[in-house]
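Let's see this in three dimensions:
(one chain, ligands or ions: 2)
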Amino acid sequence: MDSIHLCQPDNQKSCGACCGLYNWDDHSRDILEALLHKRTDLFQSLEIDSESFNLYKTEMSGLSLQSKLFETIYNCEFLGFVDEKRKRVGCLLHPLVNNGKDLRDNSFYGKELCASHECPSYTYLTQEEKKAVIYGTDEWYTYGLVITDIDFVKEYFKIINNTIGETIKPEIIKRPELKSVLSDYFRLKQDWEFKSKSRRFGKYYFSYSEYHIAKLAYQKELGVKGSPFDKILVSLASEFHSTDELRKAEGIIQASIDRFVERYRTFSP
Ligand code: SF4
Ligand code: SF4
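Ligands and ions are numbered 1, 2, ... in the order given. Take a look at the predicted model:
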């Protein structure tokens, strides 16, 4: 049985992507952090009764001034910070943060749906890949972006596994020397210099309330056949205006892989 809890893996970070965390046109860290603080502050000032929850929902809908990326996903107003240090995003209605009372029936999805939901990363990422993401960052914003991006994770470790000739061992990737390489790679999800300015979330783009999978038009726009890092580049929502830009992007990814492999070999028996 899979015992790794991807939503709340430890006391340093967590994910809230399926509760609508990133489902805003501007889902930059500062904007989301401010929204989560406001929700948490207001929620903590409430009496626990249905009238207060309705007032809370009304107040929160006034705060959500920008438009959503994907209309069909509900952006739950009860997603906030669930720990004292405000390092972990999570459900403000969950029994673990309400002295055992499960208040999720006051939400749009309701208790049963919320409690039973597991995103595709639970199924498609291997144990090693899950652990690598958990070890590679201690920060909620990056963690949520990476743990839900299956291609971005799988492709990187597929190349690494092929290069070292084995599946990465979790006890080695836990070392700080490897952690720093992973954390630099994961941060590309927020700092990528070739990120498209269009309405994108990873490999998805949005148009007229629908989502589509993006593709890079290598031949048509750059006159090249493709890239060995295509899946990673698409996951990073890349847009290139020249082959120089493409080669630079590939160089950044290759350098990360080389650094990882070199350090991994130092510690592998
Ligand atoms: S997107 Fe996946 S990991 Fe993130 S909170 Fe939802 S179920 Fe958990
Ligand atoms: S009520 Fe459900 S959708 Fe809302 S934050 Fe909690 S778990 Fe997420």
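
So which helix or strand of the protein has the lowest pLDDT on average?
Lowest mean confidence among the helices and strands of the chain (mean pLDDT, DSSP states H and E): strand 204-207, at a mean of 76.

Just checking that strand against ligand 1, any contact.
No - applying C-beta under 6 Å from any ligand atom, one finds that strand 204-207 is not in contact with ligand 1, the shortest distance being 13.9 Å. Any C-beta I mention is one placed from the backbone N, CA and C, and that applies to glycine too.

Show me which positions of that strand end up buried.
Of the residues in strand 204-207, those scored as buried under the neighbour-count criterion (16 or more other C-beta atoms under 10 Å) are 204-206.

And stretch 260-267, by the same measure?
Residues 260-261, 263-264 are the ones in stretch 260-267 that count as buried (16+ other C-beta under 10 Å).

tell me the two of those that are most distant?
Pairwise distances across these (C-beta to C-beta) peak at 7.6 Å, for the pair V261 and R263.

Which stretches in the stretch 1-150 of the chain count as helices?
Under the criterion DSSP state H, counting those that start in this stretch, helices of the stretch 1-150 of the chain are mapped to 29-44, 50-63, 111-116, 120-124, 127-136, 140-147, 150-164.

For the closest residue in space to K215 that isn't next to it in sequence, which residues are in contact?
Among residues not flanking K215 along the chain, V234 sits closest, at 7.1 Å (C-beta to C-beta, 6 or more residues apart in numbering). If a contact means C-beta atoms under 8 Å, 6 or more residues apart in numbering, then V234 has 151, 202-203, 213-216 as its contacts.

V234 and G20: what is the separation?
Here the criterion is C-beta to C-beta, to the nearest Å. By it, V234 lies 23 Å from G20.

Same question for L236.
Shown here: L236 relative to G20, a distance of 22 Å by C-beta to C-beta.

Could you do V89 as well?
Look at V89 and G20: by C-beta to C-beta, they are 11 Å apart.

who has more neighbours, these two?
The residue with more neighbours, out of V89 and G20 and counting by other C-beta atoms under 10 Å, is V89; that gives 28 against 20.
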